[in-house]
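Q: I would like to see how this sequence folds:
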Amino acid sequence: MIDAKDFRNPEYCAEIKKSNLHLLAMMRGGFQFATPDKPFFPYTSGEIGNYYVQAGVVMKDGVAFKHALDSMTGLVERTFLDRRMGHQTQETGFVSGGESRDWIFSQAVAANLELPHMMIYKDGKVVGFNPADFGVARSSGIHVADLNNEGSSVRDKWLPTIRKLGGGLNDVFFYVDRMEDGVKVVEELGLRRHAVVELDGEAWQYLRGQAFVSEAQYESLMERLEDKEEWARSTLRTPNGILTLAGLLIDYRTRAKGEKILNVGYPDMREELREPLVGAGVRSSSGVEFVDADDGRLIVKDIQTKFLDEEQGR
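A: Numbering: from 1, shown residues only. A predicted model of the protein is given here:
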């Protein structure tokens, strides 16, 4: 079992970060990295990126899973220890986790610390601990999550639900933090942010040193870390970027992701990219074509579907 006191040593924290990075990289599906032929992945936000990370893969191996959970628990305990040494009297009364991947870590952390656990569903329903049932004595808790990306789940779902029930949060603990927009979002909420694995320059350097990423992939990761907007726009303008986006738009199964890139992620690039995308196959010879929607969006329709829509509109 990891000793929380060791987390007060920066060198030990660095080793814990590396060991958990290694676990994620070793596990199939833990990381996926873009390649020169496919230089980006579509994210649910409509933005593009050059890697995927899936924290839940640690469950595939019992030893790895235990190490990840011990790391999370140790990080939380270290924070509690720091508070006591700083003579802060505020006690943590519960651990919360949001539907559903947060529960991979939050339930175990709560059990290890012998604290009540609150399962929060996306619709606002809670199972387990409810602050409204206990009052002030247990009103302050911590939230434990698998991944910090945009911070939107904490901001829009978990924190409002806890506050509505009379509770509060001071800290959020992530197993993995992508070190992107979510960092600022969490801090603007007035919450202290903690993570076992921060995907920063040191993380990418470690994975390069362990041969999990190539030199070209490392350079791309660092470029995006420096300025993800500039990286995205430059990538979308490359021949392989155009081909990758065209592939998303032509395939009806991934079309919505491609349209979201154009209309949500980078709407100011729609017209710039239209002609190159037509040249890359988003045209009638492929059975599809661009359509300008009434609301300004640029969408792609199958030729047959467009014909039927026009017929029904007559």
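Q: and the closest residue in space to residue 112 that isn't next to it in sequence, what element?
A: Leaving aside its sequence neighbours, residue 112 sits nearest to residue 73 (C-beta to C-beta, 6 or more residues apart in numbering; 4.4 Å). Glycine gets a C-beta too; all of them are placed from N, C-alpha and C. Taking DSSP states H and E as the definition, residue 73 sits inside helix 62-85.
Q: Would you mark the buried spots in the helix or strand following that helix?
A: Remark: after helix 62-85, the chain's next helix or strand is strand 94-98, criterion DSSP H and E. For strand 94-98, burial by neighbour count (16 or more other C-beta atoms under 10 Å) applies to 94, 95, 96, 97, 98.
Q: ok, now stretch 38-54?
A: 39-43, 45-51, 53-54.
Q: Sketch out the low-pLDDT regions of this protein for me.
A: 1, 83-91, 135-138, 304-314 (pLDDT under 70).
Q: how does it divide up, domain by domain?
A: 4-207, 238-312 (automatic domain parsing).
Q: taking those together, which one is wrapped up most tightly?
A: Highest mean neighbour count of the domains of the chain: domain 4-207, a mean of 18 (counted as mean count of other C-beta atoms under 10 Å).
Q: what's the first-to-last distance across that domain?
A: 26 Å (C-alpha to C-alpha, to the nearest Å).
Q: Same check on stretch 110-123?
A: Start and end residues of stretch 110-123 are separated by 22 Å (C-alpha to C-alpha).
Q: residues making contact with that stretch?
A: 69, 73, 76-77, 92-99, 103, 106-107, 126-131, 138, 141, 144, 157-158, 161-162 (C-beta atoms under 8 Å, 6 or more residues apart in numbering).
Q: I'd like to know which elements the helix holding residue 73 is packed against.
A: On a contact count with 3 or more C-beta pairs under 8 Å, 6 or more residues apart in numbering; DSSP states H and E, helix 62-85 meets helix 10-26, helix 103-112, strand 140-148, strand 168-177, strand 192-198.
Q: change it to 6 Å
A: Judged by 3 or more C-beta pairs under 6 Å, 6 or more residues apart in numbering; DSSP states H and E, helix 62-85 is in contact with helix 10-26, helix 103-112, strand 192-198.
Q: Provide the strand pairings for the last one, with the direction of each partner.
A: For strand 192-198, sheet partners with direction are given as strand 168-177 (parallel), following DSSP bridges.
Q: what's the angle from the very next helix or strand once past the partner strand to strand 140-148?
A: With elements assigned by DSSP H and E, the helix or strand that comes after strand 168-177 is helix 181-188. Using axes from the mean of the first three to the mean of the last three C-alpha atoms, to 10 degrees, the direction of helix 181-188 lies 170 degrees away from that of strand 140-148.
Q: Spit out the contact partners of the most centrally placed residue in the chain.
A: Most central in the chain under C-alpha atoms, centre = their mean is residue 149, positioned 3.3 Å from the mean C-alpha point. Each residue near residue 149 by C-beta atoms under 6 Å, 6 or more residues apart in numbering is listed here: 178, 182.
Q: Surely residue 97 touches residue 106?
A: Yes - shown here, residue 97 and residue 106 form a contact pair, counting by C-beta atoms under 6 Å, at 2.6 Å.
Q: shared neighbours, those two?
A: Shared contacts of residue 97 and residue 106, counting by C-beta under 6 Å, 6+ apart, come down to residue 144.
Q: So which residues of the stretch 151-300 of the chain form helices?
A: 152-153, 159-164, 181-188, 201-209, 215-226, 228-237, 239-250, 255-260, 270-279 (DSSP state H, counting those that start in this stretch).
Q: Now find how far off-centre the fourth one is within its chain.
A: This means helix 201-209. Relative to the centre of its chain, helix 201-209 is centred 19 Å away, using C-alpha atoms, centre = their mean, to the nearest Å.
Q: orientation of that helix relative to strand 168-177 in degrees?
A: Going by the same axes, to 10 degrees, helix 201-209 makes 20 degrees with strand 168-177.
Q: elements contacting helix 201-209?
A: helix 10-26, helix 215-226.
Q: Which one of these lies nearest to residue 207?
A: helix 10-26 (5.9 Å; C-beta to C-beta).
Q: chain center to the closest one, what's the gap?
A: So, by C-alpha atoms, centre = their mean, the centroid of helix 10-26 is 19 Å from its chain's centroid.
Q: Just checking: what are the partner strands of the helix or strand following that helix?
A: Counting by DSSP H and E, the element after helix 10-26 in chain order, helix or strand, is strand 31-33. Strand pairing for strand 31-33, using DSSP bridges, gives strand 51-53 (antiparallel).
Q: related to what we said a few turns ago, can you list the helices and strands packed on helix 62-85 in CSV and add distance to residue 177?
A: Putting these into CSV (distance: least, C-beta to C-beta, whole Å) gives the following:
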stretch, distance to residue 177
helix 10-26, 11
helix 103-112, 13
strand 192-198, 4
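Q: Quick one: closest of the ones you listed to residue 215.
A: helix 10-26 (16.2 Å).
Q: Many thanks, we can stop here.
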